[in-house]
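# no letters, just coordinates:
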C-alpha cells in the first residue's frame, strides 16, 4: 500500500435545498484513503453514502469542506480541469452496466479514451488489452445484448480500467448479479487491488461483499459512524 492519501476530505458537508428547507445529507466528514487501499462503504438508504460517492467522483460538489483528489484541491478546478482530473484518475463501475447497446464491446471499453482524445488505433489496442484482462478478449466484436450480465459487468470494469486509473469507484457493482457471478466480480476487484495497486472504494448493501475489503466506512444519517476493521463491524450488523 502506498503512503500518500489519494483521497483526503476534511469537514465535508452537503445540504440539499428542498421546498421544506435545507436537508443535510452529509455532516462534517473527515476521511483519508491511502493509495492502494480497498475500502467498502455501507449504510442504510438515506445515510449519505451515495451522495458521498458522487462527491468522490466529482459528480457533485460539497456545500462546505475540502476534498483533495490525488493531491489536487477539487474546488480549485474549473469545469474542464475537473473533467480531465476525473477522466485521468478515476474509473467508475455502477450497478447498471451503462453500456452502449448498439456499440460493440471494443467501442464500449474504449469510450473514455475518446474523451481523452486518444487515436482510434491506440484506443482499440488498449480496449482489447482490457477485455483480455477481464477474460473477454474473444468477444470484442459482440454487442452487450449478446453476453451475460456478469460478462457485461466485466466489460464495465474493463472500461473503468482503460484509462489506467489510480482509483476505482464502484457503486453496488454486484447488485444485479447472482451470488456466483458476484464472487467472480469481487475476486477481480481484489486482484486489481492486490496485484496492480489500484485503490478501490466500493458501496454495497451486502455484508458478504464488504468482507472483500480491508476497511469499512459506515454512514448513518449523514455521519461517519464507523471507520476501521471490516470483520469487527459486521459481526451481527446489517447494511
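Right, received. Where do you want to start? Please read all numbers here as calculations on a predicted model, not as lab measurements.
# now the element after the lengthiest helix in the chain, going C-ward?
As assigned by DSSP state H, the longest helix anywhere in the chain is helix 179-196. Note on helix 179-196: by DSSP states H and E, the next helix or strand toward the C-terminus is strand 199-203.
# quick one: contacts for residue 150?
Counting by CB atoms under 8 Å, 6 or more residues apart in numbering, residue 150 touches 177-178, 181, 184-185. The way it works is simple: take the backbone N, C-alpha and C, and place the C-beta from them, glycine included.
# all helices of this protein, in order?
Read by DSSP H, the chain holds these helices, from start to end of the chain: 49-56, 79-89, 105-115, 120-133, 149-161, 179-196, 207-210, 230-234.
# ok, which of the ones you listed comes nearest residue 218?
helix 230-234 (6.4 Å; CB to CB).
# so what's the most centrally placed residue in the chain bridging to?
Closest to where the C-alpha atoms of the chain average out (CA atoms, centre = their mean) is residue 169, at 1.0 Å. Under the criterion DSSP bridges, residue 169 forms beta bridges with residue 92, residue 201.
# mind listing what it touches?
So residue 169 contacts 53, 56-57, 90-93, 201-202 (CB under 8 Å, 6+ apart).
# can you lay out those as JSON lines showing neighbour count, pLDDT and distance to residue 32?
Shown next, in JSON lines, are the contacts of residue 169 (neighbours: other CB atoms under 10 Å; pLDDT from 0 to 100; distance: CB to CB, whole Å):
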{"residue": "53", "neighbour count": "20", "pLDDT": "94", "distance to residue 32": "16"}
{"residue": "56", "neighbour count": "23", "pLDDT": "96", "distance to residue 32": "12"}
{"residue": "57", "neighbour count": "16", "pLDDT": "95", "distance to residue 32": "17"}
{"residue": "90", "neighbour count": "24", "pLDDT": "95", "distance to residue 32": "17"}
{"residue": "91", "neighbour count": "25", "pLDDT": "94", "distance to residue 32": "20"}
{"residue": "92", "neighbour count": "20", "pLDDT": "94", "distance to residue 32": "21"}
{"residue": "93", "neighbour count": "24", "pLDDT": "93", "distance to residue 32": "22"}
{"residue": "201", "neighbour count": "25", "pLDDT": "97", "distance to residue 32": "12"}
{"residue": "202", "neighbour count": "25", "pLDDT": "96", "distance to residue 32": "17"}
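# could you dump those residues into CSV with distance to residue 126 added?
Output for the contacts of residue 169, formatted as CSV (distance: CB to CB, whole Å):
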residue, distance to residue 126
53, 26
56, 25
57, 22
90, 17
91, 13
92, 17
93, 17
201, 23
202, 24
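# burial measure for the closest residue to residue 216 other than its chain neighbours, as a count.
Excluding its sequence neighbours, the residue lying closest to residue 216 (CB to CB, 6 or more residues apart in numbering) is residue 230, at 4.4 Å. Using other CB atoms under 10 Å, residue 230 has 20 neighbouring residues.
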